[in-house]
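>>> Sequence and predicted structure, then a few things I'm wondering about:
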Amino acid sequence: MTPRRIRGSTIVVVGATSGVGRATALSLAAVGANLVVVARTADHVKAVACECGQLGAAILGIAADITDPNDVDRIVCTTVERFGHIDTWINAPGRASVPSRTYDNAPADSVNGLYKIELIRRHGPWRNADHLELETLAYVEWWNHRRLHGELGDVPPAEHEPLVLKARPSHSRYA
């Protein structure tokens, strides 16, 4: 696997104002990431964003509550508007205040946000539901077979999955 380049990567850190999230944000800032600092309290976001900026990172601070789907959409939209894309999303909330339903769906919410940015808002307007459905099928094919995913070593999921399955030991006594 090729090591990931952090300098210049766009990284969203949720829960970036305390504990592990803060330490992660400061570490990423020190190596030159394009950093998005997210937490619920605006004053805390501003303080950590300032610290990270002093370390030389390009910074975007967003006060948001990730239990609110509209806030998740706002994080994605604002980040993509500022930096053009998102390479990595780190959830490091300081307290277990996130309802399990929302926390369990955070990765899906992130993918849905990218879908809205990369397809819905960029390529509309849509003639009808059938038109949107066909374009969504094309988008899913692109996402799985041609879009490079940094977290997978800059390969599409369809290329990465066989490598993972091949490397995973079989637990079946019949395999």
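Great, that's in hand.
>>> can you count the residues close to the nearest residue to residue 148 once chain neighbours are set aside?
Nearest residue to residue 148 in three dimensions, chain neighbours excluded: residue 154, at 4.8 Å (CB to CB, 6 or more residues apart in numbering). Bear in mind the C-beta positions are built from the backbone N, C-alpha and C, glycine included. The tally of other residues near residue 154 (other CB atoms under 10 Å) stands at 14.
>>> do the same with residue 9
For residue 9, using other CB under 10 Å, the count is 19.
>>> and what of residue 128?
7.
>>> Relative to residue 141, how far out is it?
Look at residue 128 and residue 141: by CB to CB, to the nearest Å, they are 21 Å apart.
>>> what does residue 153 give?
Relative to residue 141, and taking CB to CB, residue 153 is found at 20 Å.
>>> what's near enough to touch residue 38?
12-16, 45, 61-64, 66, 75 (CB atoms under 8 Å, 6 or more residues apart in numbering).
>>> what's the most distant pair in the residues you listed?
Using CB to CB, the contacts of residue 38 span at most 14.8 Å, a distance reached by 61 and 66.
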